[in-house]
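> A predicted structure for the sequence below; I have some questions about it.
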Amino acid sequence: MSYADAKSSGKPIPKGLQECMPDYRDIHDVAVPEYTDVQHGTWALLVENQSKVLPDRACNEFMDGLSKIPFPKDRIPALHTISDVIENHTGWKLMRVDGLVPDKEFFHLLAEKIFPSTDFIRERSELGYTPAPDMFHDLLGHVPLLVNPRFTAFFEKFGKAGVKAFELNHPGMKMLPRIYWYTVEFGLIRNPQGLRIYGSGIVSSPNEVLYSLSDKPAKLPFDIDVIAAKPYDIWHMQEELFVIESFDQLELEFDRWARAQGLV
């Protein structure tokens, strides 16, 4: 998702969709906000909701990663605590941000195995779905796959391709956010047990989890060339989703696409 996409909609830009520069301090040097009881309660409600809907809907790789993360059920965790766990598994780290990171900086962070995370929680009115990525989206949505070496291998390559696109002033600067949206944020995968979710925008939204696997959205075969040219809308639940057969396919198809585009 990019700030340009949010701004072009003509709608007010909420907190979290405003473009912000990363906080380049070590995550352990960043003060932990003093969350209110209401905010801790919002986290607890979100965790409770997702614990009910994710089993047998989120993919095996996500659920395995989730089991490795010490997410408290009743209180918002400190970013540095979660970052240390990720680093022990795959070498990736978290970096605190106030909102959306500009695409150029975002790609550089991924290329260095760093994922930017906000440290604010959504409002109670947005429990089911929020267009602005809060820390529940960033932590529960993204972190379980950041401890998966197979997924992070693709993610690092994605970041390096983005860095190259900006160096070359390449059209990939516009195409890569679309690929990100339809894979990392709203991707489906076919596990041996059936169709499952891996996209963070789905797994962090109770409404999106149920909607995505219903018969309402179209489930399309993964075609990275189609995706790279396909616009998206951040303001409502997604009507078209793309299905990968495995993370091997995702990485191999991305490699093929990036090489064809001269981004490797």
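Done, it's in.
> contacting residues around residue 149?
Listed by C-beta atoms under 8 Å, 6 or more residues apart in numbering, the contact partners of residue 149 are 89, 90. Quick note: C-beta positions are derived from backbone N, CA and C, even for glycine.
> Please report phi then psi for it.
Residue 149 adopts backbone torsions of phi -60, psi -30, taken as degrees, to the nearest 10.
> One more: the one 4 residues further on?
The phi and psi values for residue 153, taken as degrees, to the nearest 10, are phi -60, psi -40.
> Verify the stated contact: it with residue 251.
Yes - shown here, residue 153 and residue 251 form a contact pair, counting by C-beta atoms under 8 Å, at 6.2 Å.
> quick one, which of these two is more surrounded?
residue 251 (18 against 15; other C-beta atoms under 10 Å).
> which stretch of helix or strand covers the more buried one?
helix 247-260 (DSSP states H and E).
> what does residue 177 give?
Going by DSSP H and E, residue 177 is part of helix 172-180.
> Parallel or antiparallel, which strands does the helix or strand just after that helix pair with?
Scanning forward in sequence from helix 172-180 by DSSP H and E, the next helix or strand is strand 187-191. The strands beside strand 187-191 in its sheet (DSSP bridges) come out as strand 194-197 (antiparallel), strand 240-244 (parallel).
> sorry, back to before: excluding its own residues, what touches the helix holding residue 251? List them.
Here helix 247-260 has contacts from 61, 148, 150-151, 153-154, 157-158, 161, 172, 179, 183, 187, 189, 222, 224-225, 228, 244, 264, using C-beta under 8 Å, 6+ apart.
> Same question for stretch 21-28.
Outside stretch 21-28, the residues that touch it by C-beta under 8 Å, 6+ apart are 30, 79-80, 83, 93-98, 101-102, 105, 109, 116.
> Most neighbours among the residues you listed, please name it.
In these, the most neighbours by other C-beta under 10 Å go to residue 94, 27 neighbours.
> Quick check: closest non-adjacent residue to that one.
residue 83 (3.9 Å; C-beta to C-beta, 6 or more residues apart in numbering).
> mind listing what that neighbour touches?
Applying C-beta under 8 Å, 6+ apart, the residues contacting residue 83 are 27, 93, 94.
> From the residues you listed, pick the one nearest residue 57.
residue 94 (25.4 Å; C-beta to C-beta).
> Isn't the closest one up against residue 78?
No - at 10.1 Å, residue 94 does not count as touching residue 78 under the criterion of C-beta under 8 Å.
> distance between the host helix or strand of residue 40 and the chain's centre?
Residue 40 is located in helix 37-53, with elements delineated by DSSP H and E. The chain centre lies 19 Å from the centre of helix 37-53; the measure is C-alpha atoms, centre = their mean, to the nearest Å.
> Name the residues that touch the helix or strand following that helix?
Per DSSP H and E, helix 37-53 leads on to helix 60-67 as the next helix or strand towards the C-terminus. Helix 60-67 is contacted from outside by 54-55, 58, 140, 143-148, 150-151, 189, 191, 193, 196-198, 203, 247, using C-beta under 8 Å, 6+ apart.
> Could you point out the helix or strand that follows helix 60-67?
Following helix 60-67 in sequence, per DSSP H and E, is helix 79-90.
> quick one: low-confidence ranges for the stretch 101-250 of the chain?
Residue ranges of the stretch 101-250 of the chain with pLDDT under 70: 129-131.
> now, which of the contacts of residue 83 sits nearest residue 46?
residue 94 (18.4 Å).
> could you say what helices and strands the helix or strand containing that closest one packs with?
Element membership for residue 94 (DSSP H and E) is strand 93-96. The helices and strands touching strand 93-96, judged by 3 or more C-beta pairs under 8 Å, 6 or more residues apart in numbering; DSSP states H and E, are helix 79-90, strand 114-117.
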